[in-house]
Every structure is written in structure tokens, then in C-alpha cells.
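Participant: let me see the structure of the following:
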Amino acid sequence: MFQHRFNHSSDRRLPLLLAASAAIAVAAAACTNVPMNSADDDSSVSAGSGSTASGGATSSSTASASGTSTAGVGGAGGAASAQASAAVTSGTGGGMQNANCGDFLVQPGEDCDDGNMVAGDGCDNNCKTEAVVCGNSKVEAGEECDDGNMVLADGCDKSCKLEPGSTCGDAVDLNVALMNDSYSGDTTNKGNTNFGDPTCDTDLAAMSDTVVHRYTATATASYSFMTVSPMGGSMLDTVLWAYNDCLNAGAAAQIACNDDYDFQHYFSRIIRVLEKDETIFIVVAGSIYQGSSPAGPYTLIVKQNGSCGDGSVDLGEQCDDGNVAPADGCDPNCSLEVSMVEMESNGSVAMANAVSGSLIYATIDPSNDEDLYAISVKIDETVIAQLMPAFDNGCGEGTTMSLGDVDSELELLATDGVTPIAFQESSFCNYIATGVPSAGTYYVRVAASTTFCPGCRFGYRLLVKTETMAQPSGDPWINELHYDNVGGDQNEFVEVAGAAGTDLSGWLLVAYNGNGGGKYDTINLMGVIPDQQNGYGTLAFDFATLQNGAPDGVALIDGNNNNSIIDFISYEGAFVATDGEAQGAMSTDILVSESSATAVGDSLSLIGMGHQQASFKWSAMTAPHTKGMVNTTQTFQ
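Facilitator: Residues are numbered from 1 along each chain as shown. So this is what the prediction gives:
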């Protein structure tokens, strides 16, 4: 079920943030249109060296957009001038101000950029670092607090560091606690109910326990703070808010608050530009959305945002798929190309949402929900479906990965909406890429894993598209083998994989002894590789004389092309062939092996996705082997 809910939080409205940034930049460039205040006003513009007339009176001035200026009374040369298109304008105190100051980016000539033109906050209106003064009641970069005094035992010490023994002083130090950019916590029985009174508490319980965290920026940059609720836990929905001054936490001091980022209930996200050494306090609590407990486990993820194409959705980005390629759902500027929102109910073939090259926002909710999407496929097309976390890309196309204890099912169903064609359940970021037996409408199904995560609820994004199949090509390769097992060796073989239609007549498999490098047996191959999956397949050849290492190896030789060495693998070590067709060649150790303890029916095989040997990796496979078939967890595409 997908619910479209809006929370009026500045941090969740990326377009508004971008508009605000643009407005600041425009204001900086156009400030010459605003008449300056008089010389005796507290905010007057004082002339620089040489701009005061004899007698010492400071002049006021008006700067026009055309670049002309009018001298104020009392001082020749005391007028300031600027052009709206110029790189610099006259700033407070007579200095030259960078027009880029206030755009959140630290550019050449700037020490800092906090996105505003306000002085006295650690970064002045010319983007220069201001001196930090402990005791001035302002929390500045390098300070955790500033209570306006140098008194001890009042929560903030005389170095403007928080004292232990209080909610703020005992806040979780994320600079220490983060592991791989994430921290796992639990709000159960933590107290601090609704600490600071969040302003975006649309789902917040009246008495939610909270956990306070602190993070000190390691560089001036944009940072994202994001909560993810483990699906196995009781707290399925979180609320996230932040302060610079923890000791004065309250609605007025709150700098950011978010509940249900991007319309998804199961995580919240705050994006802030922080200066180097600036400390931010992040508060996490649970909500009561659809029966979620107001207390329970959570994961807080902290990332320093980068640029388009880095795989992380940053400030001003709607998506980031790890590349800057067009026509893949996320354009080169990290804006969504084609997107849609799931339309419930879509749990049946009759109600399936129609998609075509779409990036879909959706949820598995309530428990035991499943979503179906219909896509039209031509006979020469591959169906591609990539399941991704809703909060971030997390995984690029073609990858699978886990997401905490969340596990999902991704399945391609035939035109009847029942018969499975492809299925993936090994992780959250599941991926399918496969051809179809005939043209027609096929169905992509998404659900929580009935095996590993029954009843789980989560938000997700799904990319569904079709691509015209490339004509299968390339050299074949050794794809699987078995050479040793417990007791007498049984069913020893070598399997070759490659493009369908490849005739192996005239090809050779040559066995080599790693002790000395000489060949000891040869098999002449015959047969045509069948189309077992997406234009690729396998042929297996019995090889009863394979030795047990260590090391030993097998070479695949194209006897129709001057005995070219196409593949030369070895097990239990590498060596150089000293004679035969592979003479002088160094073998490639596959880094997995068998022994006299290996079970009958086991094998060594390539796993992964692709259409050439380099796309896969070797793995020891437990029985049953897949002799003459596509290997388990291997996908030809």
C-alpha cells in the first residue's frame, strides 16, 4: 500500500532547498540594487582605506545595477560601485564580497560556506571563517555548546564542551560509534520523551522515548542523516530531528525535522550543510503509524554527500544510479527520467500496474502484501528488473545486496501471471535479467521473503525495463569441473560455456600436470553449444583421468585456429605449461579446490551474471552439480 503524505519540513523538500539556494545566490549578485543605510546606522557600509573625505566622515552610497555610483555627502571617493554581473560586490566593512558566497559550496577564495550571508555564525558574509569565542552564547564550529559563561558543572564546561551526566553530554558520539557509515541503536526505555518537541511529529506518539546522537563534521560538505527501521523490529516508523545547540533544544532552536521522507513511512532523512568541526545533534524516536511501536531498534546512516554519479542521492538530486548515462531511469543530472507511484490494489494480474522503462516508488504494506507490474516484451528483448531501497539507491543495476534484516522476493511471471520464469530471493537488492520464450505481456512480482522475512513491511523502488538482446558472441570458456571426492573419484568432467550455436568440433581440452608443467591427456571436443539462457549455454565432457593436484590444470584450445589458447585454468596453485598446445603459458589459479573429503556430486563452478568468463567468479558448489546446465546462481545475460 502506498500512502501519499506530505510533511512541511524544509529538509524533505529538495526543490525548495534548491530554490532557496538559488535565491541566496541571486540576492548576493543583485545586492547592488539595495540602497545602503546612512553612515550613523548600525548596519552602515563603511568606506575602505582612502574613501573618507578630509574630516573623517564616513559616506553612504548607492550602487546601481548599471555599475554607476553616487558619492555620499562628506567624502570624495567614498562611493561604492558594482555591477550585477560582476564576480564581486561591495560588502559590509568595505571588503570585496564573492558573489558565490552563500551557495553552500566552498569555492576558491572561500574558507567556508554555510548557505547564508549572516555574520556571527562562524562563517561571515564573505565566506571567511570567524574566530570562535567560547562564552559568547553562540555554538560555533569546534564547540559542542556555549551557555554564555565559563562556569563548570552546568552542562557546558569552560571549553564549550558538553559535560557528561546529562542527555546532551551522554549523547551517542557517532564519530566513534559509526561502523561502515551506520549506527544501530534502540529507543526502548531510553526516556527523554519527545526531546525538544519535534515540529514534524505527524505520527509521533505522545510519549515516545528518544535517543540523542552527536556528529562533528570532518569536512565542510553536505551530509545526510537517515534512519532505517529493521523490519524484524517493533518500531517500523521513525521520526528524525536536529539541533546545533542541544542544551537549548526546543521547537524554536530546531534546525531540521523529518518524518516519512519521500512519502515512505519506514525511514526519515535530514540533509544539512555542515562546516568542518561543526557539531549537530540528531534525535531519533519511533512513531505509531499503522501499529508501529513508539520504541524499538533502528539504524542511523550518516553519509557525506558527493556529486551526481557517485551512487548516493545528495542535496538537489532526485536519484543517483552510480553513473551519468541517460535512458536508465536516472538522467545525467540525477533527475528522474520516467517515474510512477504504485497504484493499489495491484496484487493480481487483473490489477497489475502497467510499466515501461519505469522507476516505481512503492511499498509492501500491509503485511503479506504483494505487488504486480505488467510489461510488454518482444521476442528479441531482455526483461530487466532491479529492486532497490526506497531511501537511497543502495545498489546499482545488476547488483544484489542485503539491507539489514530485510529480505524480499523478486519474480518474473509468464503471460499467465502464474508460471515463474525467473526468481531471486537472496537479498533485498534483487536483480533479474532474462529473455522470454515468446512476445507478450509478462508480470514482475515484488513481495517480502516468505522464508527469511515473513510479514515484513518496507518501502522500495523498482526499475523495470526491456533491452534488445545483443547478438551472443565471444570465445567459450571453462565453466565447471570436478576432479576429486571422497573414496574413488566419480563422474569427473569439464564443462565449457559460450554463445549458443558455437560448434566445438576441432576444439581440445588438454590436461596438464603442475609438477613439471607437462600435458598428460587430451580430449577432442564435438557438439554445438545450445541456447539455455539468453543466447548462451553449456556442454559438458567426461574426463576420467583428471589428476588431483597440487597443482594441476586444464587448457581449452581452439584447434581450428592454430591451436589458440582460449582458456587455461588450474587448481591448487599456478604453473607454466612446458609442452603441448599451451606451452609457455601461465595458468590461472581458480583459488577453489576439491579434496579426498569432497562429497560425491560436488563441483567447482563459475557464479555471477554476464556473458564472458571475466564476469563470473569461481566457487565450490555443493551437490548436486550442474553438469551440462547453467550453474546455480549463474545468470547468462
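
Participant: thought residue 340 was touching residue 356?
Facilitator: No: using Cβ atoms under 8 Å, residue 340 is not in contact with residue 356; the gap is 9.8 Å. To be clear about C-beta, it is placed using only N, CA and C from the backbone, and glycine gets the same treatment.

Participant: which ones are touching the residue found closest to residue 216 once you drop the neighbours it is linked to in the chain?
Facilitator: In space, residue 216 comes closest to residue 279 once its chain neighbours are excluded; the distance is 4.7 Å by Cβ to Cβ, 6 or more residues apart in numbering. Applying Cβ atoms under 8 Å, 6 or more residues apart in numbering to residue 279 gives the contacts 139, 143-144, 214-217, 244.

Participant: now with 6 Å?
Facilitator: 144, 214, 216 (Cβ atoms under 6 Å, 6 or more residues apart in numbering).

Participant: would you turn these into TSV with neighbour count?
Facilitator: Below are the contacts of residue 279 laid out as TSV (neighbours: other Cβ atoms under 10 Å):
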residue	neighbour count
144	23
214	20
216	16
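
Participant: so which of the residues you listed are in strands?
Facilitator: Mapping the contacts of residue 279 onto strands (DSSP state E) picks out 214, 216.

Participant: and of the contacts of residue 279, the nearest to residue 618?
Facilitator: Residue 618 lies nearest to residue 216 out of those, by Cβ to Cβ, at 44.4 Å.

Participant: low pLDDT regions in the stretch 101-250 of the chain?
Facilitator: 120, 193-194, 201-207, 229-237 (pLDDT under 70).

Participant: spell out the residue ranges of the strands in it.
Facilitator: 172-173, 182-186, 210-216, 221-228, 238-243 (DSSP state E, counting those that start in this stretch).

Participant: just the CA coordinates of whichever helix or strand residue 447 is part of, formatted as CSV?
Facilitator: If you go by DSSP states H and E, residue 447 is part of strand 440-448. Output in CSV follows, covering the C-alpha atoms of strand 440-448 (Å, rounded to 0.1, in the frame of the first residue of the first chain):
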residue,chain,number,x,y,z
GLY,A,440,3.6,-10.9,-24.9
THR,A,441,2.7,-9.2,-21.5
TYR,A,442,4.8,-10.5,-18.6
TYR,A,443,4.5,-9.7,-14.9
VAL,A,444,7.1,-8.6,-12.3
ARG,A,445,6.1,-9.6,-8.7
VAL,A,446,7.5,-8.0,-5.5
ALA,A,447,6.9,-9.3,-2.0
ALA,A,448,8.5,-9.9,1.3
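
Participant: quick check, pLDDT for residue 461.
Facilitator: As summarised for this prediction, residue 461 has a pLDDT of 80.

Participant: and for the nearest residue to it once chain neighbours are set aside, the neighbour number?
Facilitator: With Cβ to Cβ, 6+ apart as the criterion, residue 461 has its nearest non-adjacent residue at 4.6 Å, and that residue is residue 388. Counted with other Cβ atoms under 10 Å, the neighbours of residue 388 add up to 26.

Participant: before we move on, what about residue 131?
Facilitator: Neighbourhood size, residue 131 [other Cβ under 10 Å]: 7.

Participant: gap between it and residue 142?
Facilitator: The spacing between residue 131 and residue 142, counted by Cβ to Cβ, to the nearest Å, is 11 Å.

Participant: one more: residue 524?
Facilitator: Distance of residue 524 to residue 142, computed by Cβ to Cβ: 76 Å.

Participant: circling back to that earlier point, quick one, which of residue 340 and residue 356 is more surrounded?
Facilitator: Just comparing residue 340 and residue 356: by other Cβ under 10 Å the higher neighbour count belongs to residue 340, 17 against 13.

Participant: who's in contact with that one?
Facilitator: 358, 360.

Participant: now it: how far from residue 142?
Facilitator: Distance from residue 340 to residue 142, by Cβ to Cβ: 47 Å.

Participant: and the strands of the stretch 101-250 of the chain: which comes nearest residue 515?
Facilitator: Taking Cβ to Cβ, strand 182-186 is the member of those nearest to residue 515, at 49.4 Å.

Participant: that closest one vs strand 221-228, what angle?
Facilitator: 40 degrees (axes from the mean of the first three to the mean of the last three Cα atoms, to 10 degrees).

Participant: then strand 182-186 to CSV, C-alphas only?
Facilitator: Extracted in CSV, the C-alpha atoms of strand 182-186 (Å, rounded to 0.1, in the frame of the first residue of the first chain):
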residue,chain,number,x,y,z
SER,A,182,25.9,3.3,10.2
TYR,A,183,24.9,3.0,13.8
SER,A,184,22.4,0.5,15.2
GLY,A,185,20.5,1.6,18.3
ASP,A,186,17.3,1.1,20.3
